[in-house]
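Trainee: I'd like to go over a predicted model; first the sequence, then the structure.
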Amino acid sequence: MLFKKGNFRLKTTLNELQKTKTNLDFLWEKKENTQKELEKTMIANIKKALLPKIETFVKSGLKEDQKIIVEELKSDIDDILRPISAHSAYEECGLTPTELTVAQFVKGGLGSKKIAESLNISLRTVETHRGNIRKKLNISNKHINLQLHLKSLVEL
């Protein structure tokens, strides 16, 4: 009798955990989708609303010191948007979270050995991820530098 009662509690608890996991998975996916939409909206708003006004301002006849400030402002905007743009561009290619991380390291100039050490994974695993990244970016079997190609994806 004790065994059946304990088994029933275990099954009940397992069912509750599975329902909770399903709910958490749903909420996580919803959060990710909301974040992606927010990022796209922010980038679009800045590109459509802010940057054209800055260009109009530049064309209005600025003094040299004002032009320098405006160029610094444009550079700061690019720096703010670059990580968001990079993440979106890589995700659109269908990269997994680990491939995204490896891609960021490659883009930053790290070699496979350093990436493996940083992520505490084998060198072979890093090479596999790099191969998968190249496939998903349609540059397999092409003489294209992966680091340069990744950098080109996120230019604003």
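Mentor: Ah, there it is.
Trainee: Can you tell me which helices and strands the helix or strand hosting E72 packs against?
Mentor: According to DSSP states H and E, E72 maps onto helix 64-92. Using 3 or more Cβ pairs under 8 Å, 6 or more residues apart in numbering; DSSP states H and E, the elements in contact with helix 64-92 are helix 2-45, helix 51-59, helix 97-107, helix 146-153. For the C-beta atoms, the positions are set from N, CA and C on the backbone; glycine is no exception.
Trainee: Between the ones you listed, which one is closest to H129.
Mentor: Comparison of those against H129 by Cβ to Cβ identifies helix 97-107 as nearest, at 4.4 Å.
Trainee: What angle do helix 64-92 and that closest one make with each other?
Mentor: Going by axes from the mean of the first three to the mean of the last three Cα atoms, to 10 degrees, helix 97-107 is angled at 140 degrees with respect to helix 64-92.
Trainee: mind checking which of the helices and strands packed on helix 64-92 is nearest T125?
Mentor: Nearest of those (Cβ to Cβ): helix 97-107, 8.7 Å.
Trainee: can you tell me how far V106 sits from I121?
Mentor: 14 Å (Cβ to Cβ, to the nearest Å).
Trainee: Looking at those two, which one has more neighbours?
Mentor: V106 (22 against 15; other Cβ atoms under 10 Å).
Trainee: Next, work out how far apart the more buried one and T41 are.
Mentor: Counting by Cβ to Cβ, the gap from V106 to T41 is 29 Å.
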